[in-house]
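Peer 1: got a predicted structure plus its sequence, pasted below:
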Amino acid sequence: MDHGQTGPSGEQLLEMYRQMVLCRTLDERVWMLNRQGKAAIVASAQGHEACQIGSVHALRPGSDLFYTNYRDLAVLLSLGMTPGEVMLGFLAREGEQMSGARQFPLHGAYPKLGVVNLSNVVGTQLPQAVGAALASRMRGEDTVVIVYFGDGASSVGECHEAMNFAGVHRLPVIFFCENNGYAISVPRHLQMAVEHVAARAEGYGMPGVVVDGCDAAAVYEATSEAASRARSGRGPTLIEAMVERYLPHTSDDDDRRYRNAGEIEAARKRDPLRILRERLLGTGVLSEDADETLYAEARRVVDEATELAESASYPGLDGFYDHVYADQTGGAPSP
Amino acid sequence: MDHGQTGPSGEQLLEMYRQMVLCRTLDERVWMLNRQGKAAIVASAQGHEACQIGSVHALRPGSDLFYTNYRDLAVLLSLGMTPGEVMLGFLAREGEQMSGARQFPLHGAYPKLGVVNLSNVVGTQLPQAVGAALASRMRGEDTVVIVYFGDGASSVGECHEAMNFAGVHRLPVIFFCENNGYAISVPRHLQMAVEHVAARAEGYGMPGVVVDGCDAAAVYEATSEAASRARSGRGPTLIEAMVERYLPHTSDDDDRRYRNAGEIEAARKRDPLRILRERLLGTGVLSEDADETLYAEARRVVDEATELAESASYPGLDGFYDHVYADQTGGAPSP
Amino acid sequence: MIEAVRDAIREELARDERVFVLGEDVGRRGGVFLATDGFIEEFGENRIIDTPLAEASIAGIALGAALNGMRPIAEIQFADFIWPTFNQLLGEAAKARYGSNGKVSAPLVARTPYGGGVRGGLYHSQNVEAFFAHSPGLKVVAPATPYDAKGLLKSAVRDDDPVVFLEHKRTYRLVRGQVPDEEYTVPIGEAEVKIEGSHVSVITYGLMVHHCAEAARNLAQDDISVELVDLRTLAPMDRATVIDSVKKTGKALVVHEDTRTGGLGGEVAAVIAEEAFDHLDGPVVRLAGPDVPAMPFSPPLEAEFMLNTEKISAAIRRLASY
Amino acid sequence: MIEAVRDAIREELARDERVFVLGEDVGRRGGVFLATDGFIEEFGENRIIDTPLAEASIAGIALGAALNGMRPIAEIQFADFIWPTFNQLLGEAAKARYGSNGKVSAPLVARTPYGGGVRGGLYHSQNVEAFFAHSPGLKVVAPATPYDAKGLLKSAVRDDDPVVFLEHKRTYRLVRGQVPDEEYTVPIGEAEVKIEGSHVSVITYGLMVHHCAEAARNLAQDDISVELVDLRTLAPMDRATVIDSVKKTGKALVVHEDTRTGGLGGEVAAVIAEEAFDHLDGPVVRLAGPDVPAMPFSPPLEAEFMLNTEKISAAIRRLASY
Ligand SMILES: Cc1ncc(C[n+]2csc(CCOP(=O)(O)OP(=O)(O)O)c2C)c(N)n1
Ligand SMILES: Cc1ncc(C[n+]2csc(CCOP(=O)(O)OP(=O)(O)O)c2C)c(N)n1
Ligand SMILES: [Mg+2]
Ligand SMILES: [Mg+2]
């Protein structure tokens, strides 16, 4: 692939790498906190960092909208959610931003970042993202809506309905499938009869693009193209980023039941951090020393975040009944 | 298209034509009865007869299963439902076969004919048909399941889910879309972003075949091929039969609100009865006289059916509570 | 009644640019019941959207647009086809505000014609109110009169929370009534005593309001004084009006067309049995549709399912003489 | 408890060739709660089917197979994801027999883990029983003990009608109990008096049976005698057992974890208020989850939502001294 004109600059790639290092460090920490009994549930982003961060960098945080999935820690960090905010979520503490610790970590909404992830229910974000794009276009905004989902989610009826509607109305949506080959334990060949989710795009009148999701630059380019397509009124794109999930589905899962060690070993070879690191070292944008520093800085930030969250208290019961309806104490104002 | 080897014989075509004439005559009568206030609701099969009857003739009534749609009067007649039985349904009388007049005409089930049409809910028959195929295959039967649906139904999430599952498990299902270009008033370009529903088949790992649904022979061939594919374990096929709906959606509809006279005029040109009639006259299989006789016979049969139904009484209230559960009076035996 | 619905939507479309309509056949067809007749000509196809046949996404797209600042009115063509919206309406919309700790609002309206007595058979007659009324975060409205329909629908559009708006399809043409020319709204969350009385409280909503009113008028001739409470909003329910009425009369009959077991009448009866127990002079009686899966098609079977003035009068009589 | 579920399914798979299992991760994963652990090795992938992630079709395929002579057991991984099945379960399966005038049967079982108290947050804690219990044609079962779970699940598989089988996920590991080695079934449609008593009838089901039983044992020390009725089958409901108990005690407390308004407790309370009115010595009281959209994640918020032995004891005390 030609990374010339539309590709990210060395500086951009370095910033992506920095975010990937931060995400990985934070992700490893919350997994550890789970094993210590401190974080109730973790769905790790490991292996997915490049595609999440590469796609964010191709968009316009601040005006574009991001309908995230539960595995999208790197999207959130890249958009500017702080590790401290993330950690408050994993420990379910007071001050958690997206749901007031009413939901699983990373669920709820972060309007300032353009983030919506209402629920754990796979696939529900797809029609919502389409509706959001419809709304933006009605107001004449040039917003692009990106919606992240997994290979498993591609089977849900609402995914079909959402793509069909977006195709009919040529809406500015990027359907971004993070295909890691598994839906919990269900492998690709039991999820679909074809190699690629992208093969469905044509039936909705939109392009379907398969991209190496472990290559941040490639994802950046594919997303840039989809975004300019969307912004110029040419409608939606389905991007399928091929990634690997080395860890169990979540901290509740035991993947030894359905994956052998060899397969996981092979998957680890496609570690997006290693791939980008080598490239940056090769092109001289990164030095071994600078890399060390990035990791040290990430560890420091994550340590701080952990302390912040561990010393925070749980939410009180005062607000328990708030926000059932708008006309109650604390109800959100009309938009 | 080559009608040689796999095409229907002249005799078969004549029989199809006879059934088409019967269906048309019956269909026109029930529409008239609706206008007289005697039949509460009619969804006409006019324009769809060739594809319905052509597909049935390519299958094995008695062992194959037919998940019908509400517009499939010709399928039912072709399978052996009598005009009298049909008419009892339209007039909601005692003795109605499929639902005991509890449902709209042609809804319910006719197990002896292999027919299931549980409800009016568009799209629900698709996963049911797939489940039926799964069951048959589990028992090692060589049953093929055909499921009829409209272009509108192709948008429903369950359609996607059903096709995906059938593709993954290579089930013996024929997805038979009767595409008449409208879902009530919603035209194709607002229903989907592509020309053909069949364009979706590839994304489910199955062939998608577009066929002229006004040409009984062409439909027969396409269905024969799909059936032999299914029976030999090669999995499902999506057939899209392009047809015309000249009449309003149902007797409750007023299509002048959304179609102009010219468009309907043009659609009428593709009347499947006229097309097959000309072919049969041309090949000498049918004479003008014989054609007259067919129509006269159809009118006689339909007259009889009408009398039968008009003189039948409405169902009594005795059985009103029957068949809520099996362990009530009259409950169906375990299968 | 259908005119009241149509006028409410049209006025809200004209008033607020954020309002738009989506659903099957709402465009050139004007809706199968003509609730949006002429709208596409008046407001254009950007605001009157004929959707593909896909209810789950009609709800999901409406929700997404509502979260992004719009005020969609989604039409589900018949309540019998509303199940696929549950994932978005009960699962997502109802929980959006609570689940985001108040960060987002989902001000959508999902309108749907429901109910029987129109030869709709099993799949064009169903009642679905009890499902929505068991979902905190949703509001559920079921008006009986044109006045209430128009005023409540306008309130629903302006409400900052998701509202399921249930229109009994038998009332569309059957029920006529005065609607003022000037702008007004009817507040969501308030029941109304439609007829005052002293012997028996009858609590109901929707089409049954009219049958119960007729029964009340007939029984007045026999000196049975019925107080008729029209819930109007099913959730959140106006328990105070119900309780006040029962405290006054001492007897309560709860009436609905929906099947009995698990229906909304259970909730109403339970509230009465708990909060007005000391005032009760007789059992809390429910009169409701029979526990069969849905309303059959053939005329005598349909009639057997439906409640009517005679069945209601008989039940009131029995309770009055308890 | 989970062992009882697993044993029931395994025995039915071994007994009847028509039985098969489908759902997400039921194969090599053995189910996320291990209800089908080891099954794919024992019965093969033709009978233990790992489906794509698509609940609507899991239900629809199960229904199609049931109509065609099989006895599918569909697993919906969490009740929170069950909405998309409503179209097939409530819309189609519940009405298949009635709508075909008895021509077809739909003997499927849809199992699902439900309920909270497991740090599941809004979307892994929901209660869905009230929805299914308002659908004539469906049977709804919600066992509390391993014995009942095994016996009722076997009955469900053998039943000729569609059964929704609700397993409270907090009971999976928490609740232990004797299950006989020999074959047995527990009939669908029968409640059970789990504890006999004379002062207050407590009617409940699922996890709450255990909290109520503990409350009953504690209160016995204060000479408050509680009769504990476990509904076990929620639809069709065993009204006779409920009524008999209330006639004896004169007081009724209905308890469930699900949110209060529109919950199943309304139905139970309404039945009592209508059929046992003359025997009541106090209001029919409901104790239920709060009317918020669902159970929050953070520990203190979750605890606030859940009922427990203390809250139940307090409610019984109040009612006993009425
Ligand atoms: C509708 C629904 N069904 C089931 C689940 C349980 N579940 C959570 S994640 C998951 C697998 C999702 O797989 P995929 O979409 O490929 O995303 P991945 O986890 O692989 O990133 C399942 C089955 C759910 N959350 N929602
Ligand atoms: C789920 C659902 N939504 C809406 C309807 C109302 N409805 C009945 S038929 C129909 C149009 C169906 O169009 P199509 O599938 O193309 O079949 P056609 O009538 O054209 O043969 C609609 C919207 C329904 N029956 N079911
Ligand atoms: Mg995946
Ligand atoms: Mg059509």
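Peer 2: It's in. Ligands and ions are numbered 1, 2, ... in the order given.

Peer 1: can you name the residues that contact the residue of the stretch 201-322 of chain C found nearest chain A?
Peer 2: Closest approach between the stretch 201-322 of chain C and chain A, counting by Cβ to the nearest Cβ: C:Pro236, at 7.5 Å. Glycine gets a C-beta too; all of them are placed from N, C-alpha and C. By Cβ atoms under 8 Å, 6 or more residues apart in numbering or on different chains, the contact set of C:Pro236 is A:Tyr325, C:Lys139, C:Gly189, D:Thr261.

Peer 1: looking at these, spot the one nearest ligand 4.
Peer 2: Nearest to ligand 4 out of those is C:Lys139 (Cβ to the ion; 35.1 Å).

Peer 1: surely that closest one forms part of a helix?
Peer 2: No - with DSSP: H, G, I helix; E, B strand; the rest coil as the criterion, C:Lys139 is assigned strand and is not in a helix.

Peer 1: returning to what we had before: now, the contacts of C:Pro236 that are in strands?
Peer 2: Among these, the ones falling in strands (DSSP state E) are C:Lys139.

Peer 1: mind putting the contacts of C:Pro236 in a markdown table, pLDDT, neighbour count and distance to D:Gly177 included?
Peer 2: Formatted as a markdown table, these follow (pLDDT from 0 to 100; neighbours: other Cβ atoms under 10 Å in any protein chain shown; distance: Cβ to Cβ, whole Å):
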| residue | pLDDT | neighbour count | distance to D:Gly177 |
| --- | --- | --- | --- |
| A:Tyr325 | 97 | 22 | 42 |
| C:Lys139 | 98 | 25 | 43 |
| C:Gly189 | 97 | 16 | 46 |
| D:Thr261 | 98 | 26 | 33 |
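
Peer 1: and which of the contacts of C:Pro236 is nearest chain B?
Peer 2: C:Lys139 (26.1 Å).

Peer 1: avg pLDDT for the helix or strand A:Tyr17 falls within?
Peer 2: Here A:Tyr17 sits within helix A:10-35, counting by DSSP states H and E. Averaged over helix A:10-35, pLDDT sits at 98.

Peer 1: could you check the angle the next helix or strand after it makes with helix A:10-35?
Peer 2: Reading on from helix A:10-35 to the C-terminus, the next helix or strand found by DSSP H and E is helix A:49-57. Computed with axes from the mean of the first three to the mean of the last three Cα atoms, to 10 degrees, the direction of helix A:49-57 lies at 130 degrees from that of helix A:10-35.

Peer 1: what packs against helix A:49-57?
Peer 2: Contacts defined by 3 or more Cβ pairs under 8 Å, 6 or more residues apart in numbering or on different chains; DSSP states H and E place helix A:49-57 against helix A:10-35, helix A:73-79, strand A:145-150, strand A:173-179, helix A:216-231, strand A:237-242, helix A:272-282.

Peer 1: how about 6 Å then?
Peer 2: Under the contact criterion of 3 or more Cβ pairs under 6 Å, 6 or more residues apart in numbering or on different chains; DSSP states H and E, helix A:49-57 touches helix A:10-35, helix A:73-79, helix A:216-231.

Peer 1: hmm, it touching ligand 3?
Peer 2: No - judged by Cβ under 5 Å from the ion, helix A:49-57 makes no contact with ligand 3; its nearest approach is 12.2 Å.

Peer 1: does any bit of the helix holding A:Tyr17 sit next to ligand 1?
Peer 2: No - counting by Cβ under 6 Å from any ligand atom, ligand 1 is not contacted by helix A:10-35; separation bottoms out at 13.5 Å.

Peer 1: close to chain D, is that helix?
Peer 2: No - against chain D, helix A:10-35 shows no contacts by Cβ under 6 Å from any Cβ of the partner chain, the least distance being 11.6 Å.

Peer 1: quick one, strands of chain C?
Peer 2: For chain C, applying DSSP E gives strands covering C:19-23, C:48-50, C:71-75, C:109-114, C:139-141, C:163-168, C:192-195, C:200-204, C:226-230, C:233-235, C:252-259, C:284-289.

Peer 1: quick one: strands adjacent to the fifth one?
Peer 2: Translated: strand C:139-141. The pairing partners recorded for strand C:139-141 under DSSP bridges are strand C:163-168 (parallel), strand C:233-235 (antiparallel).

Peer 1: tabulate those strands (JSON lines), appending mean pLDDT.
Peer 2: Output for the strands paired with strand C:139-141, formatted as JSON lines (pLDDT from 0 to 100):
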{"stretch": "strand C:163-168", "mean pLDDT": "98"}
{"stretch": "strand C:233-235", "mean pLDDT": "98"}
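
Peer 1: out of these, flag the one nearest A:Leu26.
Peer 2: Ranking the strands paired with strand C:139-141 by proximity to A:Leu26 (Cβ to Cβ) places strand C:163-168 first, at 40.4 Å.

Peer 1: name the residue of the stretch 51-200 of chain C with the shortest distance to ligand 2.
Peer 2: The stretch 51-200 of chain C approaches ligand 2 most closely through C:Phe81 (3.8 Å), counting by Cβ to the nearest ligand atom.

Peer 1: so what's that residue up against?
Peer 2: By Cβ atoms under 6 Å, 6 or more residues apart in numbering or on different chains, the contact list for C:Phe81 reads B:Val121, C:Glu55.

Peer 1: check what pLDDT A:Thr6 gets.
Peer 2: For A:Thr6, the pLDDT comes out at 70.

Peer 1: one more: A:Asp327?
Peer 2: On pLDDT, A:Asp327 comes in at 88.

Peer 1: phi first, then psi, for it.
Peer 2: Taking degrees, to the nearest 10, you get phi -90, psi 30 for the backbone angles of A:Asp327.

Peer 1: not counting its neighbours along the chain, what's nearest it?
Peer 2: Nearest non-adjacent residue to A:Asp327, counting by Cβ to Cβ, 6 or more residues apart in numbering or on different chains: C:Asp160, 7.6 Å away.

Peer 1: count the residues that sit near that neighbour.
Peer 2: C:Asp160 has 19 neighbouring residues, counting by other Cβ atoms under 10 Å in any protein chain shown.

Peer 1: ok, C:Ile40 next?
Peer 2: Using other Cβ under 10 Å: C:Ile40 sits among 21 other residues.

Peer 1: okay, and the helix or strand of chain C with the least pLDDT?
Peer 2: One helix or strand of chain C scores below all others by mean pLDDT, DSSP states H and E: helix C:171-174, with a mean of 94.

Peer 1: report the buried residues of that helix.
Peer 2: Residues of helix C:171-174 classed as buried: C:Thr171, C:Tyr172 (neighbour count, 16 or more other Cβ atoms under 10 Å in any protein chain shown).

Peer 1: centre of the chain versus it, how much separation?
Peer 2: Computed by Cα atoms, centre = their mean, to the nearest Å, the chain-centroid distance of helix C:171-174 equals 14 Å.

Peer 1: can that helix be said to contact chain B?
Peer 2: No - Helix C:171-174 does not reach chain B (Cβ under 6 Å from any Cβ); its nearest approach is 13.0 Å.

Peer 1: residue ranges of the helices in chain C, please?
Peer 2: Applying DSSP state H to chain C gives helices spanning C:2-15, C:39-43, C:55-67, C:86-88, C:94-99, C:129-132, C:146-158, C:171-174, C:208-220, C:239-249, C:264-275, C:299-305, C:309-320.

Peer 1: just send the ones you listed back as TSV, with distance to A:Cys177 too.
Peer 2: Conversion of the helices of chain C to TSV gives the following (distance: least, Cβ to Cβ, whole Å):
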stretch	distance to A:Cys177
helix C:2-15	37
helix C:39-43	35
helix C:55-67	18
helix C:86-88	20
helix C:94-99	24
helix C:129-132	32
helix C:146-158	36
helix C:171-174	44
helix C:208-220	49
helix C:239-249	48
helix C:264-275	42
helix C:299-305	47
helix C:309-320	56
